[in-house]
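> Task: produce atomic coordinates for the following.
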Amino acid sequence: MAICNEQQPLNKANILEDLAFGTPCGAGTQLPMGLGAIGNGKVIFKRKFRWTFEVEFCCDSGVPKVVAREFVKIGARPQIDFEEVEINYLNGKMWIPGKGTWQTMTVTYYDVAGQTDNGINTSTVLAWIATIYDFNDPICLQMNSVPANYEGIARLVLWDGCGNPLEGWILRHVWPQSVNWGDLDMSSSEECTVELTLRYSEVSYQNFCGPTALKCPCGPCV
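Numbering: from 1, shown residues only. All right, here's what the predicted structure looks like:
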């Protein structure tokens, strides 16, 4: 059995080659099995319960309306999927990435009564839906044709324990793809909620704690 030697540096340059060719433990490829950098006391863990989400959309004759962040119960961060393009030649095949698609986001709100500026309730959601698809008037049943009149902007921020922002997301061209007021149950004491499935098409990310995400530049054609 090899003895772990803390003084022996990890052979980072050739670790993949060493591991691939079966270099025995103790020959420069030993991995320290402690917590390492993650346990140095300076790492800030982002927590699932320290976040806010708010949506601002155009309503009430062009006056912007904000769905208050205090009434969000369950949310999520954005998700993007890439199409897979298959390339075939003779006996081989490979794949390259195609277009990216931002997937819908489901957000659950507490459904409260009272004035709409005190939180999200049925009338707040109905106002946004009616701006897109006016089901309240089944005779005319108008649909808004100008995206600027119904699309919203969503802001998602993760916070540390002292109220400092850690990361932020801006979602643009947001509109409710689906609205679900949920079920009712005489035997349940739970609060009523409204579940919105939001469609969006543009996303911006900002890191408030540390460097921004750097991308590899596009190189010249060779």
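> Mind listing what's buried along the longest helix seen in the chain?
With residue count as the measure and DSSP state H as the assignment, the chain has helix 122-132 as its longest helix. Of the residues in helix 122-132, those buried under the neighbour-count criterion (16 or more other Cβ atoms under 10 Å) are 124-125, 128-132. For the C-beta atoms, the positions are set from N, CA and C on the backbone; glycine is no exception.
> Show me what the helix or strand following that helix is packed against.
Under the assignment DSSP states H and E, the closest C-terminal helix or strand after helix 122-132 is strand 152-159. Under the contact criterion of 3 or more Cβ pairs under 8 Å, 6 or more residues apart in numbering; DSSP states H and E, the helices and strands touching strand 152-159 comprise strand 51-59, strand 165-180.
> Export strand 152-159 to PDB, keeping only CA atoms.
Provided in PDB are the C-alpha atoms of strand 152-159 (Å, rounded to 0.1, in the frame of the first residue of the first chain):
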ATOM      1  CA  GLY A 152     -41.800  41.700 -19.700                       C
ATOM      2  CA  ILE A 153     -38.300  41.900 -18.300                       C
ATOM      3  CA  ALA A 154     -37.400  39.500 -15.400                       C
ATOM      4  CA  ARG A 155     -34.600  40.000 -12.900                       C
ATOM      5  CA  LEU A 156     -33.200  37.100 -10.900                       C
ATOM      6  CA  VAL A 157     -30.600  37.900  -8.200                       C
ATOM      7  CA  LEU A 158     -28.800  35.500  -5.800                       C
ATOM      8  CA  TRP A 159     -27.700  37.100  -2.400                       C
END
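> strands paired with it, and their directions?
Taking DSSP bridges as the criterion, strand 152-159 sits next to strand 51-59 (antiparallel), strand 165-180 (antiparallel) in its sheet.
> which residues sit against it?
With contacts defined as Cβ atoms under 8 Å, 6 or more residues apart in numbering, strand 152-159 is touched by 46-47, 50-58, 75, 77-78, 128, 165-172, 174-175, 198, 200.
> Among those, the buried ones, what's the ChimeraX command?
Listed next is the ChimeraX selection for buried residues among these, using 16+ other Cβ under 10 Å:
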select :51,52,53,54,55,57,58,75,128,166,167,168,169,170,171,174,175,198,200
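> Can you lay out the strands paired with strand 152-159 as TSV showing distance to Lys99 and mean pLDDT?
Converted to TSV, those look like this (distance: least, Cβ to Cβ, whole Å; pLDDT from 0 to 100):
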stretch	distance to Lys99	mean pLDDT
strand 51-59	26	85
strand 165-180	16	94
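> closest one to Pro217 among those?
Judged by Cβ to Cβ, the one of those that comes nearest to Pro217 is strand 165-180, at 23.6 Å.
> now the closest one: how far from the chain's centre is it?
Using Cα atoms, centre = their mean, to the nearest Å, we find the averaged C-alpha position of strand 165-180 to lie 8 Å away from the chain's own average C-alpha position.
> Downstream of it, the next helix or strand is which one?
Using DSSP H and E, the next helix or strand after strand 165-180 towards the C-terminus is strand 193-199.
> mind listing what's buried in that following strand?
193-196, 198-199.
> Adding pLDDT, write those residues out as CSV.
As requested, those are exported to CSV (pLDDT from 0 to 100):
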residue, pLDDT
Thr193, 92
Val194, 90
Glu195, 93
Leu196, 93
Leu198, 95
Arg199, 96
